[in-house]
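Q: I'll drop the sequence and a predicted model, then ask my questions.
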Amino acid sequence: MAKASKIPVTYDWDVYLKESGATCAPPECFKQTSNPPPNEFGLWMKLEALDPRNVTSTCIATVVGLIGPRLRLRLDGSDNKNDFWRLVDSSDIRPIGHCEKNGGMLQPPLGFRMNASSWPMFLLRTLNNASIAPTQAFKSEPPDPRGNEFKVGMKLEAVDRKNPHLICPATVGQAKDNTIFVQFDGWRGAFDYWCEYNSRDIFPVGWCKATGHYLQPPGKTGASTKVRRVSSSSTSSSQMSPGGGALSTKVEPDTSCLPSAELVAEPSVLVHLNSSCVSGPYLSPHKLWQMPCQVGPTLISSALRDILQLCVDCAVQQRLVLTFLEEADDGNVTINGTYGGESHSATIQAPDNTSEFWAMLHRLCENLLCCENFFSDKSLQGPCPKCAKQASDDRGPPRHGASNTRPGGGVLKRSISDASMSSEREGKPPNHKLQRRITTEAASSTTESRLEQTTRIPPTRIAPSAGSDPNSWTIEEVIRCVVNMDQSMAAHAELFRQHEIDGNAFLLLNSDMMMKYMGLKLGPALKLCNIIDKLKK
């Protein structure tokens, strides 16, 4: 469907119904509660969800978006191209632990991006210290309606399945057996679809207003959708019903007549997060996998808060990213971070217009040393040309952050030098002979292929700093420590790389896991347990 117009959620259904002369489908037709449930979930919370592409599998999912009582979910271990939406009272989502309590086993999602043998360790790391969705956030699913009581011409609100973050005004084009044909008002028939009468994707008129969900207006206010039966020989451009009949959804109005942006009191933006672009040395590639593919459409202040918070949450070291932000006494956006065992926050002043907003994001990309298309108003199709240029530029002199001012007051500071950042990571004084942009995470072969532009110290030279926290060690640092403490462990180094065992995962290992999942014999497993006990002390 077309790009969401910048209209508040207070879209006036009464005026539209009066102009179209239509009637609303009664609430008892829908499988929705009379009082929409509250959304008590938060971003990045973990839960169990059925894989929509393989409904026999229960997987771990992360909340990456919230709109009203709806959740945007991403299966852990999959990419951001298969996100899906569920209501908070959907039976497809459950609290963590539900599957195991009922004799089931959590499965990797369809298209799991790592080696299948690494799933147990991936699951362990994913749930360790994760934000778990509370049991009270899950609501009971409402019962099915008594039957299909929809009538042709009734109005409702429906999810646009091609753009599932949108809910739009629609009309019942046909009711047949246990299905109805949903026609979107003011749009051409390519978006219409058949669904069961008890579908969770359809809602009574006024549901969006009651829940605070954005409602995408019809193509032209007051437009009515005319449905006519056509012969079976004229179905080349029509959609087939489940019973074999054909419908031609001739829409009279021109969809170009969208409400004017000048009528909007507050500007809104849609930001695409192109995680395939170069992400720079400050953001963790592993955490970027859980980033949503877009933010918005929403108000500028909300978009800025979400993006800056995402950057802090995905940081290798949150303290460093927070230093790029400059607090304002009258700021309206608060960004939170945790380091040194304490919580910290910064208050930022959001810009007043879209041009200043995009300029601020451009400066953020410069400070993070990531591709300038990392945050964009367009979703990239294919390789990013900017990344290719940056990879070429990286062979020359290092690129430095921009000045510490911006139009309207300066939110972003100059980025600290790469050499200082790398030195801090190693626990040493700054040394300008260190190579530029040392990677801070040797996570996996997949991650390494994404960071071909990043210069790294050879694995044989990586060693944990004296007194450093083992939880923060990379895979290679773990291997180096283990081999230093017991030379016989060198024969098992490749297992650590294969199972992606970094410091955090290493401290969670026990002898049973080592023998069951890593294939180690009892002797080496006991030696590793002894090393782990020493590190914990």
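A: Yep, it's here.
Q: dump the residue contacts of Leu50.
A: 57-59, 92-93 (C-beta atoms under 8 Å, 6 or more residues apart in numbering). For every residue, glycine as well, the C-beta is placed using N, CA and C.
Q: helices and strands around the host helix or strand of Asn530, which ones?
A: Under the criterion of DSSP states H and E, Asn530 resides in helix 522-536. The contact analysis (3 or more C-beta pairs under 8 Å, 6 or more residues apart in numbering; DSSP states H and E) places helix 522-536 against helix 475-485, helix 511-517.
Q: quick one, that helix and helix 475-485 angle?
A: 100 degrees (axes from the mean of the first three to the mean of the last three C-alpha atoms, to 10 degrees).
Q: So which bits of helix 522-536 are buried?
A: Residues of helix 522-536 classed as buried by neighbour count (16 or more other C-beta atoms under 10 Å): 524-525, 527-528, 531-532, 535.
Q: Closest one of the contacts of Leu50 to Glu19?
A: Each of these was scored against Glu19 by C-beta to C-beta, and Asp92 proved nearest at 37.5 Å.
Q: The closest one: neighbouring residues, count only.
A: By other C-beta atoms under 10 Å, the residues close to Asp92 number 18.
Q: quick one: contacts for it?
A: Applying C-beta under 8 Å, 6+ apart, we find Asp92 in contact with 49-50, 52, 86.
Q: returning to that earlier point: if we only consider the contacts of Leu50, which is nearest to Ser472?
A: Distances from Ser472 to those, taken by C-beta to C-beta, are shortest for Cys59, at 27.9 Å.
Q: Just list whatever residues bridge to the closest one.
A: Ala49 (DSSP bridges).
Q: quick one on the thing from earlier: out of the contacts of Asp92, which is most surrounded?
A: That'd be Ala49 among these, by other C-beta under 10 Å, with 25 neighbours.
Q: My guess is that one contacts Arg74. True?
A: No - with contact defined as C-beta atoms under 8 Å, Ala49 does not reach Arg74; the gap is 9.6 Å.
Q: Now the common contact residues for these two.
A: Counting by C-beta under 8 Å, 6+ apart, the residues touching both Ala49 and Arg74 are Ala61.
Q: need the helices for the stretch 151-300 of the chain, in chain order.
A: For the stretch 151-300 of the chain, applying DSSP state H, counting those that start in this stretch gives helices covering 207-211, 285-288, 300-313.
Q: ok, and for the first one, which residues are buried?
A: With burial defined by 16+ other C-beta under 10 Å, the residues of helix 207-211 counted as buried are 207-208, 211.
Q: What mean pLDDT does that helix get?
A: In this model, helix 207-211 has an average pLDDT of 91.
Q: what about the stretch 351-500 of the chain, any weak spots by pLDDT?
A: Counting by pLDDT under 70, the stretch 351-500 of the chain has low-confidence residues at 388-467.
Q: give me that answer again for 50
A: 390-462 (pLDDT under 50).
Q: Likewise for the stretch 101-250 of the chain?
A: The model of the stretch 101-250 of the chain has pLDDT under 50 over residues 221-250.
Q: Please, where are all the strands along it?
A: 155-159, 167-176, 179-184, 193-196, 202-203, 225-229, 239-240, 246-251 (DSSP state E, counting those that start in this stretch).
Q: In its sheet, which strands sit next to the second one, and in what direction?
A: Spelled out, that is strand 167-176. Paired strands of strand 167-176, defined by DSSP bridges, are strand 155-159 (antiparallel), strand 179-184 (antiparallel).
Q: returning to that earlier point: for Leu495, state which of the buried residues of helix 207-211 is nearest.
A: Using C-beta to C-beta, the buried residues of helix 207-211 come closest to Leu495 at Thr211, 49.7 Å.
Q: what pairs with Met73 across the strands?
A: Not Met; residue 73 is Leu. Beta-bridge partners for Leu73, by DSSP bridges, are Val63, Phe84.
Q: With Val63 as the reference, measure out to it.
A: Remark: distance between Leu73 and Val63 (C-beta to C-beta, to the nearest Å) = 6 Å.
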